[in-house]
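Engineer: Take this sequence and fold it.
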Amino acid sequence: MNSLVKKALQLMVVLGVISSMNAFAAEEEFPGRKLFESVNVLELDEFHQNLDKYTVVDARTKYEYKVLHIEGALHVDLGDRQCVEKIRALHDETGKPLVFYCNGHTCYKSYKIAAKAYDGGIQDVSVYDAGVLNWLKAYPEQSTLLGETPADTRKLISEEDFRSHLLSAKEFASMVHAGGHKTLDIRGLLQRRSGGLFIVETNIPLDDEQAMNSYLDRIKSENQSLLIYDMAGKQIRWFQYELKKRGIRDYHFLEGGVRGFIQSTRKKK
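Structural biologist: Sure, this is the predicted structure:
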């Protein structure tokens, strides 16, 4: 075997190892890709370069969409019972392929709604699964934050501020059981089908604006401490803007939401 052939084979082996490592890293960072293998995925730059070719749909709650969304994106909540009909109407109206997004990485809403669309007979669907926050950081000029476009990133709650309010599953459960706090589940009805995590808690979906306003008014007036959780630790990030606007300071979030809580419990076993 001559030296050139040998070097070429070595290079092929190295490239194969790198490719395998990249695939493994993607699975670790985006666990939904393995669970929804049939769903076509667009990476951030590819999505941005071809943005005009797609009808972009935000699959999160209306509340999250109002806080931050990709400029020009339309909204269809995965939890809406008529979501497939609404998706089909958008597809027929625009005549473009659909791209769904959500909070990204460990949020599965974009995959789920894409799978629903596909099952409903709409074939040209994809997901951008890196999430709206990654889009904002890369393209603030094409993002709408708190009703303003381009997005003023100075108004974005810092990662340090957000993480300072996170509690591990053990810490969160200990505070719930210790008492002296109000526990709030902000998941929607679809996510809450299996019930809540704790016996003493209140469930108010983010989109139930009237009930949420009333509840937060009472929390503020009574100076209560809040323990808050969602499904995957994503919605809480956007809920924090409302808490700050109201001047509510004594609150904590469950890191990783229900999904993280369950994983933590399994590890103990």
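Engineer: pLDDT at Val13, what is it?
Structural biologist: Val13 is assigned 39 on the pLDDT scale.
Engineer: One more: Gly79?
Structural biologist: Predicted confidence (pLDDT) for Gly79: 89.
Engineer: Would you mind measuring from it to Arg259?
Structural biologist: Going from Gly79 to Arg259 by CB to CB, to the nearest Å gives 16 Å. Yep, even glycine has a C-beta here, placed from its N, CA and C like the rest.
Engineer: Helix or strand: which one has the residue nearest the centre of the chain?
Structural biologist: By CA atoms, centre = their mean, the mean C-alpha position of the chain lies nearest to Asn103, the distance being 2.4 Å. In the assignment (DSSP states H and E), Asn103 maps to no helix and no strand.
Engineer: Was I right to think it contacts Asn134?
Structural biologist: No: taking CB atoms under 8 Å as the definition, Asn103 is not a contact partner of Asn134, at 9.8 Å.
Engineer: and the gap between Glu159 and Leu68?
Structural biologist: As judged by CB to CB, Glu159 and Leu68 stand 15 Å apart.
Engineer: cool, and Thr61?
Structural biologist: Distance of Thr61 to Leu68, given as CB to CB: 12 Å.
Engineer: With Phe100 instead?
Structural biologist: The gap separating Phe100 from Leu68 is 16 Å, by CB to CB.
Engineer: what's the following helix or strand after the lowest-mean-pLDDT helix or strand in the chain?
Structural biologist: Ranking every helix and strand in the chain by mean pLDDT, DSSP states H and E puts helix 3-29 at the bottom, with a mean of 44. Where DSSP H and E defines the elements, the next helix or strand beyond helix 3-29 is helix 31-35.
Engineer: the domain parsing of this protein - what is it?
Structural biologist: Here the domain parsing of the chain from automatic domain parsing is 1-35, 36-155, 159-268.
Engineer: quick revisit: which of Glu159 and Leu68 has more neighbours?
Structural biologist: Ranked by neighbour count (other CB atoms under 10 Å), Glu159 and Leu68 place Leu68 first, with 23 against 10.
Engineer: For Ala169, which residues are in contact?
Structural biologist: Shown in contact with Ala169 (CB atoms under 8 Å, 6 or more residues apart in numbering): 254-256, 260-261, 264-265.
Engineer: switch the cut-off to 7 Å
Structural biologist: Applying CB atoms under 7 Å, 6 or more residues apart in numbering to Ala169 gives the contacts 254, 260-261, 264.
Engineer: what do you get for Tyr128?
Structural biologist: Residues in contact with Tyr128 (CB under 7 Å, 6+ apart) are 42, 47, 99, 101.
Engineer: Tabulate these in TSV, adding columns for pLDDT, secondary structure and distance to Leu206.
Structural biologist: Shown next, in TSV, are the contacts of Tyr128 (pLDDT from 0 to 100; DSSP: H, G, I helix; E, B strand; the rest coil; distance: CB to CB, whole Å):
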residue	pLDDT	secondary structure	distance to Leu206
Leu42	97	strand	27
Phe47	98	helix	26
Val99	98	strand	23
Tyr101	98	strand	18
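Engineer: ranking those by neighbours, who comes first?
Structural biologist: Going by other CB under 10 Å, Tyr101 tops the contacts of Tyr128 with 29 neighbours.
Engineer: Run through the strands of the stretch 101-250 of the chain in chain order.
Structural biologist: Secondary structure of the stretch 101-250 of the chain by DSSP state E, counting those that start in this stretch: the strands cover 125-128, 143-145, 166-167, 182-185, 202-203, 226-229.
Engineer: looking at those, which is closest to His91?
Structural biologist: Nearest to His91 among the strands of the stretch 101-250 of the chain is strand 125-128; the distance by CB to CB comes to 8.5 Å.
Engineer: For that closest one, which strands pair with it and how are they oriented?
Structural biologist: With DSSP bridges as the test, strand 125-128 is paired with strand 40-42 (parallel), strand 98-101 (parallel).
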